[in-house]
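*Asks:* Just need the structure, nothing else, for what follows:
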Amino acid sequence: MTSFSLLVEEVVSMTVTGHDTGASRGTSAGTGADAGAVRALRGLEDGRPAVRLRAALAVGTTPDPRFVDKLVERSAVEPDFFVRDMLTWALTRHPVSVTLPRLLGEVHSERASARSQALHTLSKIGDRRAWPAITRALLTDADDEVARSAWRAAVVLVPEEEEFALGALLATQLGRGGPETRLSLSRALIALGDAMASALAAAANDPDPRVRAHALATDRLLRDPDAGFTFALEEAKRVVALGAGSGEGGGSGGSSGEAGEASGSGESGEAGEAGESGGFEGARAVRRSGGEGP
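*Replies:* Model (predicted):
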C-alpha cells in the first residue's frame, strides 16, 4: 500500500470514529471537514490539472501536518506549473517545523524535478536554517532548472557573512545555459548587490566571450533594470565582439525603442516575475526582509 493510500485510510478512519474532532462532541462539521480533506488528497492525483489545482488550494486553505508528506511527494512529480505553484503555497501554509525537515531531505533526491521544487519552496518559506543545504553541488547542478532554483534560494537564505563567497561561486556559472537560465543567474547576482561586484568585474575580463557578455549584460541590468535582459545581452555581445569586453559594457547606447521592446520579456516558468525590473526589485526586497514568509 502506498503512503498516499495509508494517509487517505487514516483520514477516513478518523472521519468514521470522530477521533480528530473529539468523539464526545460528535460534530457534523468535523466529519464534513475530514471528508473534504479526503477529497482534496485524492484530487491531487486527478488527471486534470484544474482539479489538482483546486485540491492543492483546499489543502492549503485548511492546513494539516498530516498532509505535508503528500504535498511534497506531489510537488516532485507535478507537471503543471500552476499546480506546482499552488502546492508550494500550500506547503508555506503549514508549520515550518514540519515542512523544513521534509524539504531538506528532498533536495538530495535523485529526481531533478524533486530537487528543483524543494529548493523553490525553501526560497518561499525563507527560513535561513535551510542555508547549509544549499550546497555547491546544487548551485552548479547540471540540470538548469535545479541550478536556477538553487540560485534563487541561495540569495534569500545566505547569511550576510557568506554573501561574497556566494557571489564568487555564482559568477563561475556566468555564460551557462539559454536566455532563461542566464536571466535567473543575473537576477541572483543583482540581488546580492555589492557582494558580487568584484566577482562580476573579474568575469567581465574572462577569456570566454560568453562569460564576458553575460557579465557585461548583468552589469548593465544592475545599473539600468529597465533596459531589458534581451537587449542588454545582445548589446554586451556586440561590445565583446568589438573587443571592448573589459570596457564600459553597459554604457554603449541603443535606441529607446529597442530597450522598450526587450524590457517586456519575462522569465517563463515564474508566475510572480512577469517583468524583469519587477523581478530585480522583488529579489532585493526578499534580501532586505531576510526571507519571504508564508
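*Asks:* Mind jotting down where the helices sit in the stretch 151-294 of the chain?
*Replies:* With DSSP state H, counting those that start in this stretch as the criterion, the stretch 151-294 of the chain has helices at 163-171, 179-192, 197-203, 209-223, 229-241, 256-263, 276-289.
*Asks:* Lowest average confidence across those, which one?
*Replies:* In terms of average pLDDT, helix 256-263 trails the rest of the helices of the stretch 151-294 of the chain, at a mean of 35.
*Asks:* Pull out the buried positions in the helix or strand harbouring residue 137.
*Replies:* Assigned by DSSP states H and E, residue 137 belongs to helix 136-139. Residues of helix 136-139 classed as buried under the neighbour-count rule (16 or more other C-beta atoms under 10 Å) are 138-139. In short, each C-beta sits where N, CA and C put it, glycine included.
*Asks:* Identify the residues contacting that helix?
*Replies:* 107, 115, 119, 146-147, 150-151, 154, 169-170, 173 (C-beta atoms under 8 Å, 6 or more residues apart in numbering).
*Asks:* By mean pLDDT, point me to the weakest helix or strand of this structure.
*Replies:* For the chain, using mean pLDDT, DSSP states H and E, the weakest element among its helices and strands is helix 256-263, scoring a mean of 35.
*Asks:* just to revisit the earlier point, ranking the contacts of helix 136-139 by neighbours, who comes first?
*Replies:* residue 150 (31 neighbours; other C-beta atoms under 10 Å).
*Asks:* Please report how far that residue lies from residue 139.
*Replies:* Applying C-beta to C-beta, to the nearest Å, the value for residue 150 to residue 139 is 5 Å.
*Asks:* if I pick residue 200, what's in contact with it?
*Replies:* Residue 200 touches 167, 171, 189, 215, 218-219, 222, counting by C-beta under 8 Å, 6+ apart.
*Asks:* Tabulate the residues you listed (TSV), appending neighbour count.
*Replies:* Listed next are the contacts of residue 200 as TSV, based on neighbours: other C-beta atoms under 10 Å:
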residue	neighbour count
167	22
171	24
189	30
215	27
218	30
219	24
222	18
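*Asks:* for the chain, what are the low-confidence residue spans?
*Replies:* Low-confidence segments of the chain, defined by pLDDT under 70: 1-34, 36, 226-294.
*Asks:* rerun that using 80 as the cut-off
*Replies:* 1-38, 223-294 (pLDDT under 80).
*Asks:* and the gap between residue 99 and residue 59?
*Replies:* From residue 99 across to residue 59, the span is 13 Å (C-beta to C-beta).
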